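In: quick one, fold the following:
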Amino acid sequence: MSAQPAPDLLEPELKEVARLLSAASDVTLFAHINPDADALGSALALGMALRRGGCAARVSFGFPDVPPRSLRDLDPEGLLVPAAEVPAAVPLLVVCDSGSLQRLGGLADRVAATVAAGGEVVVIDHHVSNTRYGTRHLVDETAEATVLLVLRLLDELGAPLDLPMARCLYAGLVTDTRNFRHAGARTHAAAARLLEAGVDPEATTRPLLDTHPFGWLSMLSSVLGRAQLEPAAARGLGLVHATVRLTDAREVGSEEVDSVIDLVRTSEEADVAAVLKETADGRWSVSLRSDGALDVGLAAADCGGGGHRLASGFTAAGSAEDVLAMLRAALRRAPLLR
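Out: Just a heads-up that it's a prediction; the model follows:
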């Protein structure tokens with residue numbers, strides 16, 4: 001007797017979310033603060049599909065006031081609205097790629113207000129640390145990107161996949177899989193669908209991964225020149241870390257600062273890489289990456305943040321050395337993955 005396929009545990013919730021969206025006449029979609037391509041691409045693609053179906057749709061995020069330069073071309077139809085223009089409560093709110101309320105910044109209060117007013121809050125996400133803060137949850141921790149869940153939802157809605165929507169989904173897919181280095185067969189199949197819809201991979205990927213202002217080079221020179229290697233840290237697996245201070249980032253945007261982790265992590269002597277990014281005096285946003293031997297997701301959770309086993313982050317206050325001391329302790333407690 002042939003083995004039966006495993007049940008799709010996401011299917012009932014997928015159908016329920018599709019039912020809610022199909023019946024909606026007005027939907028507001030959120031990405032997280034400092035939105036990346038997965039968050040914004042997910043919200044915009046779904047917003048486009050809803051608008052094409054006759055639904056009023058808008059997309060927003062809590063900070064900053066405008067999206068990163070590299071993502072602005074993903075919104076050719078003007079779905080993005082400033083956070084200040086989002087009503088206190090909306091009939092149906094869809095939050096994309098945000099594992100917790102804190103990731104919504106100044107828009108976090110819209111969740112409770114919407115529920116109190118009798119509305120629904122749908123959370124679509126792939127983070128293992130998701131706190132299930134909505135009324136419906138389309139969450140799959142095994143998905144490499146939130147855009148994959150949105151693609152499944154579009155199929156459930158019967159929404160045709162046109163080029164603007166496909167570009168949004170491809171942008172999220174290529175960035176969250178590190179240019180498909182963390183992508184399984186199903187994810188490659190999804191990418192093929194997006195290419196068949198007309199996505200130009202070079203034109204879509206270049207502004208996301210390979211384009212920076214000239215000032216980025218001098219910022220890197222300063223920051224990487226101060227990077228430090230601690231071979232005994234992270235349970236003896238090694239920690240490499242760099243610090244980006246406000247003075248380093250005066251001439252570049254947040255996406256240039258966020259890109260530093262992808263260079264620091266290339267150090268072969270360390271399994272764990274960390275970049276401390278100063279956001280205000282005594283305030284830090286920390287990005288963590290693992291090459292696969294240590295669970296940095298639980299290390300980040302230990303520090304009040306969260307994310308995936310191999311990519312995570314947290315925010316903290318204090319001096320850079322205070323934050324590093326907290327991180328070292330969390331990495332000593334983090335479980336091994338192999």
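
In: tell me the contacts of D75?
Out: By CB atoms under 8 Å, 6 or more residues apart in numbering, the residues touching D75 are L44, V59, P67. Where you see a C-beta, it was placed from the backbone N, CA and C, and this is true even at glycine.

In: mind doing that once more with 6 Å?
Out: Taking CB atoms under 6 Å, 6 or more residues apart in numbering as the contact definition, D75 lies against L44.

In: ok, now the one 5 residues further on?
Out: By CB under 6 Å, 6+ apart, the contact list for L80 reads V59.

In: run the last query once more with 7 Å
Out: In this structure, L80 makes contact with V59, S60, P67, judged by CB atoms under 7 Å, 6 or more residues apart in numbering.

In: counting by contacts, list what the helix or strand of the chain with the lowest mean pLDDT packs against.
Out: The helix or strand of the chain with the poorest confidence is strand 306-307; it has a mean of 86 (mean pLDDT, DSSP states H and E). Applying 3 or more CB pairs under 7 Å, 6 or more residues apart in numbering; DSSP states H and E, we find strand 306-307 packed against helix 296-302.

In: contacts for the least confident helix or strand of the chain?
Out: With CB under 7 Å, 6+ apart, strand 306-307 has contacts from G99, S100, H127, S129, G297, A300, S312, G313.

In: if you set the cut-off to 8 Å instead, what comes out?
Out: Residues outside strand 306-307 that contact it (CB under 8 Å, 6+ apart): G99, S100, H127, V128, S129, L288, V296, G297, A300, S312, G313, F314.

In: got a pLDDT number for the closest residue to C303 other than its chain neighbours?
Out: Counting by CB to CB, 6 or more residues apart in numbering, C303 lies nearest to F314, which is 4.2 Å off, once chain neighbours are set aside. We have a pLDDT of 92 for F314.

In: how about F314, secondary structure?
Out: Three-state assignment for F314 (DSSP: H, G, I helix; E, B strand; the rest coil): strand.

In: next one: the least confident helix or strand of the chain to chain centre, how far?
Out: Taking CA atoms, centre = their mean, to the nearest Å, one finds strand 306-307 lying 10 Å from the centre of the chain it belongs to.

In: so what are the sheet partners of that strand and their directions?
Out: Within its sheet, strand 306-307 is paired with strand 311-317 (antiparallel), according to DSSP bridges.

In: which of the residues in the partner strand are buried?
Out: By 16 or more other CB atoms under 10 Å, the buried positions in strand 311-317 come out as A311, S312, G313, F314, T315, A316.

In: hang on, the earlier thing: make JSON lines from the contacts of L80 and add pLDDT to it.
Out: Formatted as JSON lines, the contacts of L80 follow (pLDDT from 0 to 100):
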{"residue": "V59", "pLDDT": "98"}
{"residue": "S60", "pLDDT": "98"}
{"residue": "P67", "pLDDT": "93"}
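
In: just these: which are in helices?
Out: Using DSSP state H, no member of the contacts of L80 falls in helices.

In: which of those residues lies at the shortest distance from P87?
Out: Ranked by distance to P87 (CB to CB), the contacts of L80 are led by S60 at 10.6 Å.
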